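**Q** task: produce atomic coordinates for the following.
(chains A and B)
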Amino acid sequence: MTSFNAKRVRADIPQLSRVVFDRPITYLDTASTSLQPNAVIDAMSRYYQLRHANVHRAVYQTASEATAAYEGSREAVARFINAPGGANEIVFTKNATESFNLLAKSWGAKNLKSGDVVLVTEMEHHANIVPWFQLREQTGVEVRFIPVTDDFRLDLSQIDELMRGVKLLSVTGMSNVLGTINPIRELAAIAHGHGALMAVDGAQSVAHSLTDVAALDIDFLIFTGHKMLGPTGIGVFWTREDILDSMPPFLGGGGMIADVRTDGYVPADGPTRFEAGTPPIAEAVGLSAAVSYLEGLGMINVTPYEHALASDALMRLALEFEGRVRVIGPYDMTDRGGVISLDVEGVHPHDVAQVLDQFGVCVRPGHHCAKPLMRRFGLAATVRASYGPYSMVKDTDVLIEALGHAVKMFG
Amino acid sequence: MSAVSNLGTNLDDLYREIILDHYRSPRNRGELESPPAIRVEGFNPLCGDEIVVYLDVENGVLKNIKMVGSGCSISQSSASLMSAAVKGKPLDQVRETIATFKQLMTVQEATLAHDGEAPKVDVRALGELAALQGVIKFPVRIKCATLSWNTLVQGLDQLD
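**A** Reported below is the predicted structural model:
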């Protein structure tokens, strides 16, 4: 393991001191939602206690403080992903799903016509699939899938053929089921070589590795606050300023306008054009605190630490259960993160998760909003254990103990 | 260790031996030719459990019932227990069993609504089905237990 001090991170997370069924909680559901450190919870509390006001409206002191905090969060997020145009390129949404809908319904509806192709992958979350199908109903755009190999990687052997007619390549940075980390920089180069733009679903990846949109040379990045130690209710949409300025408004209402008359409206400039209504202000404050917290840990320290945790878990699962527990994802730790999906022979994922719950183990059973991927591997569901910067080897100890119990019980 | 004994008590309530037995060796598995048999599908989109129920009804009697499906131990054992309980029974008796079982599955909410006074469910009338009463302690699993029953109701509704 590295010098990274997960014990200190753990001490910062109040929920990790909970006891469930006489056992300390073993939280292995970070891919679904992460837990929050006190820094995030306190920042949101202090905001509501002392400086809550609506943003961009009033002139009184607390309102200008609230506006400064909200806009400051945009700057923090821009810095975190190294957005070349800074805060002007950061749109706040409700979650990553809404960000994908913004991409499809604003940029997509304007730029894609019948016969154009959106290329996604078989390992995408429904959020990066359904909005494209919805756009297909409207415009006749074609939705195409990059297949996944038997060893859980993207099959890029036919990529030049697949790229024919593609206007947008939209790929997840890390699969929320397999833990596979995709070669984003390489894919962006391929996309640009074919005259297409490159979008990345960073929901899983931004909290676990350094994300630099300029270095990756991508065009869109989408992620959510609550999977990166921040609060629920806030998502991020990033694109280059020139693209953002060309995009038509998405949701209409207050806050997103420059002018409204009885015969029409003029939309506002910049990110606020896409932020109709009162935005998630407290959530932006919390997200800003989460970004600072992650920067304090250093993403370059988080990645190898979680890598080591996952590597240890994979090895021990293989040794302990000798094939009765199959990992649905790569065993090879190259380009792989701390998301581990399991198929326990003869035991349904819901039963596994039920037994694990009695050990205080929080895992997610189900299809993980990735049904095309489940079908690809002939599964209805898996049990997924996922790690975060507050996870420790002892979490894997309890996971293995509880899995052993489940295997015995249904064996 | 208290953790282990606690674990045993809680889980044993849910996973009774009868339930595990019906999960491992489900009764009345298979298909019936449809038509004449009624064929009806049940689906739980949240967890992906699915079931297909075949009903052979003659002269007001559920002469035969067969099922295929996949899902967790609770959904599959509940289906198996259900098939054993209703097979060969007159339809009014089948409907009675369904009503009693549904009452069993809602007893928790009812208990809350009636200031702690539990409504009377005649557990003896349920026979082996009573093994499923532990499910109500795990509210998220109630929909697993009721999937096959709701599917059966849909099938019977087709008769009307």
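
**Q** not counting sequence-adjacent ones, nearest residue to the most centrally placed residue in chain A?
**A** Centroid-nearest residue in chain A, with C-alpha atoms, centre = their mean: residue A:203, separated by 1.0 Å. Once flanking residues are discounted, residue A:203 sits nearest to residue A:96: 4.5 Å by C-beta to C-beta, 6 or more residues apart in numbering or on different chains. Using the backbone N, CA and C atoms, a C-beta is placed for each residue, glycine as well.

**Q** re the thing from before, now do the SS call for the residue nearest to the centre of chain A.
**A** Secondary structure, DSSP: H, G, I helix; E, B strand; the rest coil: residue A:203 is coil.

**Q** next up, the contacts around the nearest residue to residue A:28 once chain neighbours are set aside.
**A** Among residues not flanking residue A:28 along the chain, residue A:385 sits closest, at 4.0 Å (C-beta to C-beta, 6+ apart). Contacts of residue A:385 were listed using C-beta atoms under 8 Å, 6 or more residues apart in numbering or on different chains, and they are A:28-29, A:313, A:340, A:342, A:363, A:399.

**Q** most widely separated two among those?
**A** Greatest spacing in those, by C-beta to C-beta: A:29 and A:313 (14.4 Å).

**Q** more neighbours: which of these two?
**A** Under the criterion of other C-beta atoms under 10 Å in any protein chain shown, the comparison of residue A:29 against residue A:313 puts residue A:313 first, with 23 against 19.

**Q** count of neighbours near the closest residue to the more buried one other than its chain neighbours?
**A** Closest residue to residue A:313 apart from its sequence neighbours, by C-beta to C-beta, 6+ apart: residue A:396 at 4.6 Å. The burial count assigned to residue A:396 is 23, neighbours taken as other C-beta under 10 Å.

**Q** what's the answer for the one 4 residues further on, then?
**A** For residue A:400, the neighbour count with other C-beta under 10 Å is 17.

**Q** where's it, which helix or strand?
**A** Using DSSP states H and E, residue A:400 sits in helix A:393-410.

**Q** show me what that helix is in contact with.
**A** Residues outside helix A:393-410 that contact it (C-beta under 8 Å, 6+ apart): A:23, A:26-28, A:309, A:312-313, A:316-317, A:320-321, A:324-325, A:342, A:344, A:346-347, A:351-352, A:355-356, A:358-361, A:363, A:385, A:387, B:7, B:11, B:15, B:20, B:23, B:73.

**Q** pLDDT below threshold where in chain A?
**A** A:1-3 (pLDDT under 70).

**Q** touching chain B at all, stretch A:371-382?
**A** Yes. Stretch A:371-382 is in contact with chain B by C-beta under 8 Å from any C-beta of the partner chain, via A:374, A:380-381.

**Q** correction: the previous question concerned stretch A:175-185.
**A** No. On the criterion C-beta under 8 Å from any C-beta, stretch A:175-185 is out of touch with chain B, staying 13.7 Å away.

**Q** now do the same end-to-end measure for that stretch.
**A** 16 Å (C-alpha to C-alpha, to the nearest Å).

**Q** for it, which positions count as buried?
**A** Residues of stretch A:175-185 classed as buried: A:175-182, A:184 (neighbour count, 16 or more other C-beta atoms under 10 Å in any protein chain shown).

**Q** now do the top helix by length along chain A: everything it contacts.
**A** Ranked by number of residues, the top helix in chain A under DSSP state H is helix A:299-321. In this structure, residues lying in contact with helix A:299-321 by C-beta under 8 Å, 6+ apart are A:1-4, A:6, A:179, A:207-211, A:294, A:325, A:327, A:331, A:333, A:336-340, A:342, A:385, A:387-389, A:391-393, A:396, A:399-400, A:403-404, A:407.

**Q** quick one: buried ones out of those?
**A** A:4, A:6, A:179, A:207-211, A:294, A:325, A:327, A:336-340, A:342, A:385, A:387-389, A:391-392, A:396, A:399-400, A:403, A:407.

**Q** which of the residues you listed fall in strands?
**A** Residues of the buried ones among the contacts of helix A:299-321 located in strands (DSSP state E): A:325, A:327, A:339-340, A:342, A:385.

**Q** mind listing the strands in chain B by residue range?
**A** Here chain B has its strands, by DSSP E, at B:38-44, B:49-58, B:61-70.

**Q** residue A:154: which of the ones you listed is closest?
**A** The closest of those to residue A:154 is strand B:61-70. By C-beta to C-beta, the value is 28.8 Å.

**Q** rounded mean pLDDT for that closest one, please.
**A** On average, the pLDDT along strand B:61-70 is 93.

**Q** got the buried residues for stretch A:256-268?
**A** Residues of stretch A:256-268 classed as buried: A:256-257, A:267-268 (neighbour count, 16+ other C-beta under 10 Å).

**Q** for stretch A:85-100, same thing?
**A** Buried, per 16+ other C-beta under 10 Å, within stretch A:85-100: A:85, A:87-100.

**Q** filter those down to just the ones in strands.
**A** Using DSSP E, these in strands are A:90-93.

**Q** list just the nearest of those to chain B.
**A** Ranked by distance to chain B (C-beta to the nearest C-beta), those are led by residue A:93 at 25.1 Å.
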